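Visitor: fold the following.
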Amino acid sequence: MIAKRLGRSVMMLESGQHPRFAIGESSVPLGNLLWEELATRYNLPGWLR
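Guide: Model prediction:
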């Protein structure tokens with residue numbers, strides 16, 4: 001989402017399913033702070049659920 005917003009051409013490839021039920025289940029607190037910073041910086045409110 002960030003790359004596209006910055007004018008980059010984006011393609012996402014997925015070969016299978018993520019082993020968890022939802023992305024974020026295996027994240028750590030420091031990672032959560034990084035996601036929050038990115039969502040705020042690039043105005044991506046959908047990331048903060």
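
Visitor: for the longest helix seen in the chain, packing partners?
Guide: Taking DSSP state H as the criterion, the chain has its longest helix at helix 29-41. Taking 3 or more Cβ pairs under 8 Å, 6 or more residues apart in numbering; DSSP states H and E as contact, there are no helices or strands that helix 29-41 lies on. Placement of C-beta: from N, CA and C, glycine included.

Visitor: name the residues of that helix that are buried.
Guide: The neighbour-count check on helix 29-41 (16 or more other Cβ atoms under 10 Å) flags residue 39 as buried.

Visitor: only C-alpha atoms, please: export it in PDB.
Guide: What follows is helix 29-41, C-alpha atoms only, in PDB (Å, rounded to 0.1, in the frame of the first residue of the first chain):
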ATOM      1  CA  PRO A  29       5.300  -5.500  20.800                       C
ATOM      2  CA  LEU A  30       8.200  -3.700  19.000                       C
ATOM      3  CA  GLY A  31       6.700  -4.800  15.600                       C
ATOM      4  CA  ASN A  32       3.300  -3.500  16.600                       C
ATOM      5  CA  LEU A  33       4.900  -0.100  17.300                       C
ATOM      6  CA  LEU A  34       6.500  -0.100  13.800                       C
ATOM      7  CA  TRP A  35       3.200  -1.000  12.100                       C
ATOM      8  CA  GLU A  36       1.500   1.800  14.000                       C
ATOM      9  CA  GLU A  37       4.100   4.300  13.000                       C
ATOM     10  CA  LEU A  38       3.900   3.200   9.300                       C
ATOM     11  CA  ALA A  39       0.100   3.400   9.400                       C
ATOM     12  CA  THR A  40       0.200   6.900  10.900                       C
ATOM     13  CA  ARG A  41       2.900   8.200   8.600                       C
END
